[in-house]
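Peer 1: fold the following.
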Amino acid sequence: MLACLLAADGRTVTDGTLMETLWGHGPNDSKRVALRVLVHHLRRNLGTESIVRATGGYRMVLDGHQLDASEFVALVDSAADDEARGRLAEARGSYRKALRLWRAPEAYQGTADTELVRGAAAHLGEQRMTAYESCVDIELSLGLHRELCAELSALATENLLRERLQAQLMLALVRSDRRAEALTTYERIRRLLADELGADPGARLQQLHTAILRGPAPVGTPSAVSDAVRPMQLPAPPSNFVARDDELSVLDSVRTKAGPGQRLLGSMVVTGAGGMGKTALVTHWAHQHQQGFPGGQLYLDLDDDAPTAAALARTLIDLGIAPDDVPQQAEARAAKLRSLLSSRTVLMVLDNVSTAEQARPFLPGSGDSLLVIISRNRLDGLVAREGLHLLVLTPLPVEPATRLLQETAGMSGSASDDVRTLVELCHGMPLALRIVGAHLRLGARPDVLVTALKDERTRIARLATTDGDVSVHAVIAVSYRRLAIPDRRLLRSLGLSGAGAIPLGAAAALAGVTSGTVLTELIGRLTEVNLVARDAGRVSLHQLTRIFAREQGRREDTPADRAIAERRLLSWYGQATGDAQQRIRPTAGGPHGKGTPDPLHLFLPDLPDTAAAVRWVDTESDTIIKMITEHAQRHPDLIWPLAANIRGWLQRRANRDTWIALTEQGIQAAALAGSSTGEATLQGSLGVAHSLLLHRMEARAAYQRASALCQQNGDHAGAADVDASLGGMLVESGELAEALPPLLRARHSANLLNDPDLIFKVEHNLGLLYRRAGRQQEALDSYTSALAAANRSSNRDWLSASVHTNLGRLHFLRDDIDLAGNHYDTAVRLARSTGDRMREAWALHGCSDVAAARRDVSAAVAAMQEAVTILEPIGDRRLDEMRARLAELLSDGTVHQTAPGQ
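Peer 2: Modelled structure (predicted):
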C-alpha cells in the first residue's frame, strides 16, 4: 500500500485502483474495509496527516520529505538543461549524481509486485537508461573512453537490444585501441537481431560499423536521426508572454506522466475561444522544453480543414521518410507514423484542428512522443475515447492582463486609470489586449481609445490593427461562419440579452425554443466550439462574443425579429421575478404585475423558499436592472411589472438610491403603457424607499399619488396599504398626531379584508406610534397583534423579524435585558433566513446594546461592526447613528444604553 502511494508521487490513487492492485479484480465491501484498515495502520506508523482522503481515493503527503525518484528526475532535467547550454561538465555531474541515487538494478526492487508499482518502476527504468546514455555521450566527448569500457560492457550485455548503448560501447572500445572487440560487439548484436527479430541493426550501428572498418577511430557515434530528419518547426514564441502559470503546469504534468506502456497519456487538447492565446501558450511552452524532445518538434497548421492524408504524408517526410516510401493509404501512413514515433521522442503540435477525426491519426501509439492539439473546438471525442487531457483557456485575470497590455505597449510603472479601463474593456482576451497595446505603442492616446471602446457599437471595430491584418471580429467570425443556421440564430439571440450570463430558460425564450431537448442540443453545439459556456443552469458568453453576436443580429435580423426576441426575454424574466416576489414579499393586496404565466416558458427557477428566491434574484439582479434601464421606452408594458416584481429584493438587498432609480423608471414605463395599476403599485414602492431614507417630502408625495390612483382604480386594499405606509413614515418623522388617522383607517380596512399582511403592517406601525408616545402597554398589545398576524402570513419569518426587533427595543426600555436579548437574537436569525440585510443590521444594533448593558464591550463592538458593514453598501438612515455608536464603543469602551429607533 505504501509503495503504491509513493509511486504515485503525491497524486491521488483511487480506491478502485488500490483494491485492484492489491487484491485483483472485483471490488467488494470486504476489500473496502481492508483498504481502510491498511490506511489506519499506515497513519498510525507515519502520522495521521501522512495520508489524506481525496476525491475517490488516497494521497500521500510528503510534508517536506522528497522521493529519491523525484530527485532523480529533477537532476536529469537539470543535466539536460546544462547539456543544451553547452555546460558539459556540470551536465555530467548532475547525470552521475542522479544515477548514484539508484540502489538496485530496478526501481522499487523487492518493494511490491503490483501493476501500479511495476508501471512506475518501468518508467523510471527507461528514464535511467536514457540518462545513462546521455551521460556516456558527454563522457565520450570528454575523452573518458578508457574509463567507460568496463562499465559499458556490463550494461551492454544486460541490454543487448539498446542500440545506442551498443554503439557507445563500440566507440569506447575502438578509441581504446580494442578494434576487434568493437567489431565483435557489432557482430553479436547483428546475429541477435537477425535470429530473434529478423531485422538488421539500425542506421546508427551500421554507420559506426562501416566507419570502424574503414580506418581510424570515429570521432563520435552516428546519430540515429540525422539533422535532415530532426525537424525544428515550432513558430517563434510570443515575445511578451505573461501569466498562464497554472496552464503551463498542466502541460508540464502531462509530459512527465508519459512513459512506456502508458498509451496516449502524454497527449493533450488545448482549447478555448478564438483570441484566448492557445497557440501562444503552446509555442511558449514548447520552446521552453525543446531539449526534452531530441527527435525534433513538428508543427502543422490544419486550418481550412487540411486533408488528413496530405498532412500525414508531410509529417512522414519531415521525419526522414523518402517521398517514394510514403504509403498510399491514410491508414498505412498513420501506422507508419506510430512506428517512427515509438523509437523517438518527438513533440508534435497540431494547430487549428477542427474535428477529432482530423487529429486521431497523429496520436502516438507508444513511446515518449507527445502530441499537443490546438483547437477552438473541445474535441470531446478524443477526451472520451482516447483519454486525452483537456486544457480549456479562459480570459486572463486583471493583473496579468494589465501586464500583457503594458508590455505590448512598451509601458512601465503603475497602470493609469485609462490603462486599467482599457484592460477592463478587453475582458481578459489576450488578442484584444495585444491589439490595444499595439495601438498605444504606435502613439494612440489611452483616453481616446477608452472613448472609442466604451461604446459597444464601435468596440469590436476598433479592436483591429491599423492594417486590418489582425482583428477580434475576424477571429470570432471564423467560428461563427462554421456554425449551422440554427446555431447562428441562437448566438445572435443571446447577444440581445445585454448580459454575460443568463439562465437556460431565458436563453430558450430569446431563441423562441419551446423544447428542452432542442435547446440542450443547440447550447451543446455552441459549447463545443467555445462560443458559449454552460454551468449550473446558466449560459454565458464572453463579452466580446456577445457584442459580436449583437452586431451580427443587426446585420442579419429585422428590427421586428429583434423586438419579438426582446419581448420573449422580458416576459420570461417577468414570470420568474413574479414567482420570486411571491416568495420574498407576498403582496398586501392588489395586483403585483406578474401577469398570466406563459405555459411555453422553459426552465423557470425552482424557488422552494424565500432564501432560494433571494439567491436567485441576487444572481440575476444585474441583468434585470440593465433590462429595466435599456427597455423602459421600447417595451413599457413588460418593464413596469419587472420593476414591481423586484420590490421585495430591492427592500432587502439593494442600495436605496438604486431602488429609487429603478422604481422611477418603472413608474414612467407604467405611464407609457397606460397602466394606472402599475403606477399605483410602484408609487407605493417609491414612497417606502424614500421613507427609509427619511425623505419626508418625496415620500409623502409618492404616497399621495399612490393613494389617488388606488381610489381611482377602486383598489381598497391598495389604498389601505398606502395609508399604513404613510402612517409609518409620519411616525418615524415624529408627527405622531398626524400619523394616527391614516393608521386607524388602514386598521379598519385591514380587519374588514382579513388580510394578515395588511393587519401586520398596520399593527406594527401602531406599535411604533404607541411606543414613541410612551404608551408601552398599547405598544405591546399592537406588537402582539402584529406577531399573530405574521404567523398567519405566508411571509411569516420576514414579518416576524421586524416585530421581534421592536419587541426587543420595548423590553430593553423596560430594563428587561434578558427578554430584550432573546427577541433581538430571534430577529437576527429570522432576518438571515430570509436574506433581509437591512433588518439583520437593525437587530444586530439591538444585540450590541444588550451586550453593552451586560458590560460585554467586545460583543457589543462585534455586533455593531457587523451591522455597519451590512448597511454601508445599502445605505440607511440609521447608518450614521450606528457609526457614531461604534466609534464611541471603540474609543474607550464606555457603554451607554442607546438603541435604534425602530
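
Peer 1: and the residue nearest the centre of the chain?
Peer 2: Thr394 (7.8 Å; CA atoms, centre = their mean).

Peer 1: OK, contacts around it?
Peer 2: Gly272, Met276, Gly428 (CB atoms under 8 Å, 6 or more residues apart in numbering). C-beta here means a position set from N, CA and C on the backbone, and glycine is covered the same way.

Peer 1: the first one and Pro486, how far apart?
Peer 2: Read that as Gly272. 24 Å (CB to CB, to the nearest Å).

Peer 1: Leu422 too?
Peer 2: Counting by CB to CB - Leu422 and Pro486 are separated by 36 Å.

Peer 1: and if you look at Ile660?
Peer 2: 43 Å.

Peer 1: looking at these two, which one has more neighbours?
Peer 2: Just comparing Ile660 and Pro486: by other CB atoms under 10 Å the higher neighbour count belongs to Ile660, 21 against 14.

Peer 1: mind listing the strands for the protein?
Peer 2: 13-14, 51-54, 57-60, 267-271, 297-301, 347-351, 370-375, 389-392, 501-503, 533-535, 538-540 (DSSP state E).

Peer 1: dump the ones you listed into a markdown table; add distance to Cys710 and mean pLDDT as well.
Peer 2: Formatted as a markdown table, the strands of the chain follow (distance: least, CB to CB, whole Å; pLDDT from 0 to 100):
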| stretch | distance to Cys710 | mean pLDDT |
| --- | --- | --- |
| strand 13-14 | 66 | 86 |
| strand 51-54 | 62 | 86 |
| strand 57-60 | 65 | 88 |
| strand 267-271 | 58 | 93 |
| strand 297-301 | 70 | 93 |
| strand 347-351 | 67 | 95 |
| strand 370-375 | 62 | 95 |
| strand 389-392 | 55 | 93 |
| strand 501-503 | 34 | 94 |
| strand 533-535 | 44 | 91 |
| strand 538-540 | 39 | 94 |
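
Peer 1: nearest to Arg705, of those?
Peer 2: strand 501-503 (34.4 Å; CB to CB).

Peer 1: hmm, Arg434 is touching Ala409, no?
Peer 2: No - with contact defined as CB atoms under 8 Å, Arg434 does not count as touching Ala409 (9.5 Å).

Peer 1: all helices of the stretch 551-700 of the chain, in order?
Peer 2: For the stretch 551-700 of the chain, the helices defined by DSSP state H, counting those that start in this stretch occupy 559-584, 610-631, 636-645, 647-653, 656-673, 676-692, 696-713.

Peer 1: in TSV, list the ones you listed along with distance to Leu140.
Peer 2: Formatted as TSV, these follow (distance: least, CB to CB, whole Å):
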stretch	distance to Leu140
helix 559-584	74
helix 610-631	67
helix 636-645	80
helix 647-653	75
helix 656-673	77
helix 676-692	86
helix 696-713	92
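
Peer 1: ok so, going back, and which of the contacts of Thr394 is nearest Met19?
Peer 2: Using CB to CB, the contacts of Thr394 come closest to Met19 at Gly272, 37.5 Å.

Peer 1: tell me how many other residues crowd that closest one.
Peer 2: 22.

Peer 1: excluding its backbone neighbours, what's nearest it?
Peer 2: Leu393 (3.3 Å; CB to CB, 6 or more residues apart in numbering).

Peer 1: residue contacts, that neighbour?
Peer 2: Per CB under 8 Å, 6+ apart, neighbours of Leu393: Arg244, Glu247, Val270, Thr271, Gly272, Met276, Gly277, Lys278, Leu281.

Peer 1: shaky segments in the stretch 1-150 of the chain?
Peer 2: Scanning the stretch 1-150 of the chain with the threshold set as pLDDT under 70 gives 26-27, 63-65, 84-86, 112.

Peer 1: returning to that earlier point: I'd like the helices of the stretch 551-700 of the chain laid out as a markdown table, including mean pLDDT.
Peer 2: Shown next, in a markdown table, are these (pLDDT from 0 to 100):
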| stretch | mean pLDDT |
| --- | --- |
| helix 559-584 | 93 |
| helix 610-631 | 93 |
| helix 636-645 | 95 |
| helix 647-653 | 90 |
| helix 656-673 | 95 |
| helix 676-692 | 94 |
| helix 696-713 | 94 |
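
Peer 1: so for Glu732, which of those sits nearest?
Peer 2: Closest among the helices of the stretch 551-700 of the chain, using CB to CB: helix 676-692, at 6.7 Å.

Peer 1: re earlier: from Phe548, how far off is the residue nearest to Gly272?
Peer 2: Counting by CB to CB - Leu393 and Phe548 are separated by 18 Å.

Peer 1: thinking again about what came up before, just the ones of the contacts of Leu393 in helices?
Peer 2: Of those, the ones assigned to helices by DSSP state H are Glu247, Lys278, Leu281.
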